[in-house]
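Visitor: structural data only, the sequence is not supplied:
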Ligand SMILES: NC(=O)C1=CN([C@@H]2O[C@H](COP(=O)(O)OP(=O)(O)OC[C@H]3O[C@@H](n4cnc5c(N)ncnc54)[C@H](OP(=O)(O)O)[C@@H]3O)[C@@H](O)[C@H]2O)C=CC1
Ligand SMILES: O=C(CO)[C@H](O)[C@H](O)COP(=O)(O)O
């Protein structure tokens with residue numbers, strides 16, 4: 001064990017899966033790291049297993065932990081989100097001094113972060129809501145880090161976080177996202193996109209199993225090949241690995257013994273809730289979130305088994321062409337999901353005054369995080385070309401890329417519907433694409449109906465103003 005009487009540069013409290021590895025990552029980068037956990041045995045275990053990896057200062061009590069830090073103090077809280085985070089912060093507040101920094105690196109809901117930031121400001125403390133993505137492995141070897149909070153706190157914290165983050169082309173996957181809850185907001189949308197990405201991958205897999213009768217192992221090969229092209233990403237890479245895996249108990253493909261009920265801890269749901277509040281149509285993320293809920297709707301699914309399908313039988317003659325179509329449909333749908341997610345970030349940035357640079361967000365997602373992907377470079381370039389780009393899929397690169405896959409996308413969504421294979425994320429992404437490019441939408445009829453039953457008024461195409469038609473009387477239009 002390497003102990004030290006030196007005041008620690010930074011402290012980590014909460015030494016579970018993520019906190020333990022973040023502390024090790026910091027220590028491996030030469031920082032003296034104070035470590036603490038509610039249950040002391042975990043702290044002892046860390047010291048026993050990894051104490052020789054750097055300079056740690058273990059403490060059993062929170063008071064000793066805080067006392068072991070150099071001032072102004074920087075404390076990273078990595079505990080369960082919600083009540084546990086509040087409990088830990090409350091204890092820390094009584095021990096810290098003005099100018100100290102509290103970093104919540106868990107998956108907090110951004111309104112909680114905004115509340116905590118305001119409360120700690122009253123005590124003269126900086127509160128940084130900080131998104132961290134990359135799971136256990138990323139926390140140790142380089143995650144993507146999305147810190148919010150004040151610019152002043154980033155001046156102290158930023159160099160440490162940038163040092164331990166993943167790096168792509170020498171550039172850290174960490175930057176100051178913006179004030180207040182901006183960091184946790186961006187992490188939340190990252191997770192929402194993660195839901196959409198996984199749902200699209202699952203739909204592609206399901207279609208190919210049904211249409212081609214392919215085995216999981218054959219499909220592992222397809223995903224591995226896709227990972228060498230435009231779709232290159234961590235999630236495609238691990239899809240190949242999961243599909244290739246054999247269950248040691250039964251000898252069956254692993255995916256065939258896993259129950260088909262997708263769970264969630266809540267970040268996808270929060271993304272959709274926030275999108276509803278902001279009025280941003282994140283249809284890909286919403287479909288992915290609802291698809292998880294549907295998969296877990298056991299009574300409904302049991303009752304639904306008896307429903308008629310009237311589905312055509314698959315008869316794919318050109319397997320390679322079908323696989324290419326699925327790949328193109330997946331890529332186009334993925335671009336839509338990201339475009340929607342970035343719209344949501346722009347809307348929140350405007351609503352809360354966060355001034356988030358979307359290109360920088362794509363840049364820090366290139367490495368370390370779960371949605372890391374080759375095409376994020378293209379997103380950064382699109383926002384560098386046009387910082388206030390209103391629609392990512394309208395950027396020339398993405399317009400071409402989606403246009404190239406459009407025929408395939410339509411074929412796949414049509415075939416899936418005809419053959420009774422559910423593809424909610426593929427289909428809703430295509431519907432979004434067609435809606436966003438439509439010259440006129442049927443919202444005109446909705447406005448007419450709203451005016452009819454509720455005198456809710458409407459605008460006209462040919463003149464300014466607000467109007468109401470006297471539907472119950474003479475059907476004459478009036479200025480409203
Ligand atoms: N796992 C992942 O891939 C990722 C997780 N996150 C987020 O990171 C945070 C931590 O996750 P993870 O490391 O996986 O969780 P773990 O379940 O591995 O660890 C939970 C930690 O929280 C502590 N804790 C729980 N309740 C309390 C409490 N009331 N008071 C003090 N400490 C408490 C536990 O302490 P004790 O040992 O005493 O029980 C333990 O240190 C969560 O917010 C999670 O959402 C973020 C990105 C990825
Ligand atoms: O934050 C993460 C990665 O970035 C976690 O892995 C995420 O919590 C997983 O979410 P869910 O359990 O809802 O699928």
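Guide: Alright, I've got the coordinates. Keep in mind the model is a prediction, meaning the values are calculated, not measured. Ligands and ions are numbered 1, 2, ... in the order given.
Visitor: could you list the buried residues of the lengthiest helix in the chain?
Guide: Criterion DSSP state H: the longest helix present in the chain is helix 319-352. Neighbour counts over helix 319-352 (16 or more other Cβ atoms under 10 Å) mark 322-323, 325-349, 352 as buried. C-beta: built from backbone N, CA, C; applies to glycine.
Visitor: for stretch 271-278, the distance to its chain's centre please.
Guide: In terms of Cα atoms, centre = their mean, to the nearest Å, the centre of stretch 271-278 is found 13 Å from the chain centre.
Visitor: check whether that stretch comes near ligand 2.
Guide: No - if you take Cβ under 6 Å from any ligand atom as the test, stretch 271-278 misses ligand 2, and the best it gets is 10.3 Å.
Visitor: check which residues of that stretch are buried.
Guide: 271, 272, 274, 275, 278.
Visitor: which ones among the residues you listed map onto helices?
Guide: Counted as lying in helices by DSSP H, out of those, are 271, 272, 274, 275, 278.
Visitor: near ligand 1, which residues of this structure are found?
Guide: Within the chain, the residues that sit near ligand 1 (Cβ under 6 Å from any ligand atom) are 14-19, 37-39, 42, 78-81, 84, 87-88, 106-107, 132-133, 135.
Visitor: how about 8 Å then?
Guide: Residues of the chain lying near ligand 1 by Cβ under 8 Å from any ligand atom: 13-20, 37-39, 41-42, 78-81, 83-85, 87-88, 105-108, 131-136, 138-139, 143, 187, 265, 267.
Visitor: just the buried members of these?
Guide: Using 16+ other Cβ under 10 Å, the buried ones in these are 13-16, 18-20, 37-38, 42, 78-79, 81, 85, 88, 105-108, 131-135, 138-139, 143, 187, 267.
Visitor: and what about residue 468, helix, strand or coil?
Guide: Here residue 468 is recorded as strand under DSSP: H, G, I helix; E, B strand; the rest coil.
Visitor: how close does it get to residue 394?
Guide: Per Cβ to Cβ, to the nearest Å, residue 468 is found 35 Å from residue 394.
Visitor: do residue 295 as well
Guide: As judged by Cβ to Cβ, residue 295 and residue 394 stand 33 Å apart.
Visitor: same question for residue 382.
Guide: Here residue 382 is placed at a distance of 9 Å from residue 394 (Cβ to Cβ).
Visitor: these two: which has the busier surroundings?
Guide: Shown here are residue 382 and residue 394; by other Cβ atoms under 10 Å, residue 382 has more neighbours (23 against 15).
Visitor: verify the contact between that one and residue 395 for me.
Guide: Yes - between residue 382 and residue 395 there is a contact under Cβ atoms under 8 Å: 3.8 Å.
Visitor: on that earlier part again, which members of the buried ones among the residues of the chain next to ligand 1 are positioned in helices?
Guide: Counted as lying in helices by DSSP H, out of those, are 18, 19, 20, 42, 85, 88, 135, 138, 139, 187, 267.
Visitor: thinking the last one is in contact with residue 108, fair?
Guide: Meaning residue 267. No - in terms of Cβ under 8 Å, residue 267 does not count as a neighbour of residue 108; the distance is 9.9 Å.
Visitor: can you give me the helices for the stretch 101-250 of the chain?
Guide: Secondary structure of the stretch 101-250 of the chain (DSSP state H, counting those that start in this stretch): helices at 110-121, 135-141, 151-164, 182-212, 216-226, 234-244.
Visitor: what does the stretch 201-350 of the chain put close to ligand 2?
Guide: Contact residues, the stretch 201-350 of the chain versus ligand 2 (Cβ under 8 Å from any ligand atom): 262, 263, 264, 265, 266, 267, 268, 292.
Visitor: I'd say the fourth one and residue 106 touch.
Guide: Meaning residue 265. No - using Cβ under 8 Å, residue 265 is not in contact with residue 106, being 10.8 Å away.
Visitor: and stretch 417-435 with ligand 2, contact?
Guide: No - using Cβ under 8 Å from any ligand atom, stretch 417-435 stays clear of ligand 2, coming no nearer than 15.2 Å.
Visitor: can you tell me what sits against that stretch?
Guide: If you take Cβ atoms under 8 Å, 6 or more residues apart in numbering as the criterion, stretch 417-435 is touched by 196, 199-200, 203, 206-207, 210-211, 281, 283-284, 286-288, 290-291, 309-314, 329-330, 332-333, 336-337, 340, 393, 402, 409-410, 412-413, 416, 441.
Visitor: in it, what counts as buried?
Guide: 419, 421, 423, 424, 425, 426, 427, 428, 429, 430, 432, 433.
Visitor: now stretch 41-48
Guide: If you call a residue buried by 16+ other Cβ under 10 Å, then stretch 41-48 has these buried ones: 42, 43, 44, 46, 47.
Visitor: and the contacts of stretch 417-435, which of them are buried?
Guide: Buried by 16+ other Cβ under 10 Å: 196, 199-200, 203, 206-207, 210-211, 281, 283-284, 286-288, 290-291, 314, 329-330, 332-333, 336-337, 340, 393, 402, 409-410, 412-413, 416, out of the contacts of stretch 417-435.
Visitor: gap between the closest residue to ligand 2 within the stretch 351-480 of the chain and residue 36?
Guide: Ligand 2 sits closest to residue 370 of the stretch 351-480 of the chain, with a gap of 4.4 Å, by Cβ to the nearest ligand atom. Per Cβ to Cβ, residue 370 is found 27 Å from residue 36.
Visitor: so between the two, which is more surrounded?
Guide: Shown here are residue 370 and residue 36; by other Cβ under 10 Å, residue 36 has more neighbours (27 against 22).
Visitor: OK, contacts around the more buried one?
Guide: Applying Cβ under 8 Å, 6+ apart to residue 36 gives the contacts 11, 12, 13, 15, 43, 58, 59, 60, 62, 65.
Visitor: next, count neighbours for the last one.
Guide: For residue 65, the count of nearby residues is 26 (other Cβ under 10 Å).
Visitor: same check, this time on the second one
Guide: Other residues lying near residue 12 total 31 when counted by other Cβ under 10 Å.
Visitor: disregarding residues adjacent in the polypeptide, which is nearest to it?
Guide: Once flanking residues are discounted, residue 12 sits nearest to residue 23: 4.2 Å by Cβ to Cβ, 6 or more residues apart in numbering.
Visitor: now, which of the residues of the stretch 201-350 of the chain next to ligand 2 sits nearest ligand 1?
Guide: Of all these, ligand 1 sits closest to residue 265, with 6.2 Å by Cβ to the nearest ligand atom.
Visitor: so what pLDDT did the residue of the chain found nearest ligand 1 get?
Guide: Distance from ligand 1 to each residue of the chain (Cβ to the nearest ligand atom) is smallest for residue 16, at 2.0 Å. With respect to pLDDT, residue 16 scores 98.
Visitor: many thanks, I have nothing further to ask.
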